[in-house]
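Engineer: Turn this into a model:
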Amino acid sequence: MPQAKNTNLINNVPSGKLVQLRYPSWSIIIGQSSLSTERNLLTIARFCTALALLLMCLFSAKLLKVWLQLSIPAPLIGMALMLLLLNCKVLKPQWLAPACAPILKYMALFFIPAGVGIVQYTSLLNTHWPLLLSVLIAVPLSGLCLVGLIAKKVTFHD
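Structural biologist: Model prediction:
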């Protein structure tokens with residue numbers, strides 16, 4: 001009678017084997033090896049460090065907004081601060097990648113509050129819909145025509 005393999009109930013993986021969860025910028029290895037435990041801890045530390053850097057920019061932007069009494073949203077100030085830190089090479093993009101990759105994967109969820117916020121202004125939309133529709137059509141159309149006229153007048157030299 002053949003002997004049954006000792007298997008792990010999770011994902012039917014044979015015992016002693018490593019299971020690797022991969023994401024675009026980081027991976028976690030689950031297993032019994034001390035090397036995999038060190039990799040897990042390193043991955044978690046990188047993720048926490050990157051998330052802490054992102055949150056520090058956001059919280060410092062909130063402080064700047066309160067201290068300077070700005071009417072600009074704090075996330076916008078935080079993005080400008082992050083851009084400044086990246087351009088001055090104080091922060092490296094590799095430091096932020098472990099937290100940014102999973103966040104960007106679910107970025108569509110961050111737009112739901114803005115879409116729901118439109119529902120609050122349905123009475124305004126019902127009242128001024130002709131103006132809004134004309135602006136939504138006229139502005140892109142005029143921009144397209146202006147770019148076409150400029151491109152027609154300018155000669156390109158290769």
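
Engineer: C-alpha only now, for contacts and for neighbours.
Structural biologist: OK.

Engineer: ranges for the strands of this structure?
Structural biologist: Here the chain has its strands, by DSSP state E, at 19-22, 27-30.

Engineer: Longest helix of this protein, counting residues only.
Structural biologist: Taking DSSP state H as the criterion, the chain has its longest helix at helix 34-68.

Engineer: Next one: residue 49 from residue 71, what distance?
Structural biologist: Using Cα to Cα, to the nearest Å, residue 49 is found at 30 Å from residue 71.

Engineer: neighbour-wise, which of the two wins?
Structural biologist: residue 49 (16 against 8; other Cα atoms under 10 Å).

Engineer: Around residue 50, count how many other residues there are.
Structural biologist: Other residues close to residue 50 by other Cα under 10 Å number 20.

Engineer: List the residues that contact it.
Structural biologist: Residue 50 makes contact with 95, 96, 97, 98, 99, 100 under the criterion Cα atoms under 8 Å, 6 or more residues apart in numbering.

Engineer: so which of those residues is the most crowded?
Structural biologist: The contacts of residue 50, ranked by neighbours (other Cα under 10 Å): first place residue 98, 24 neighbours.
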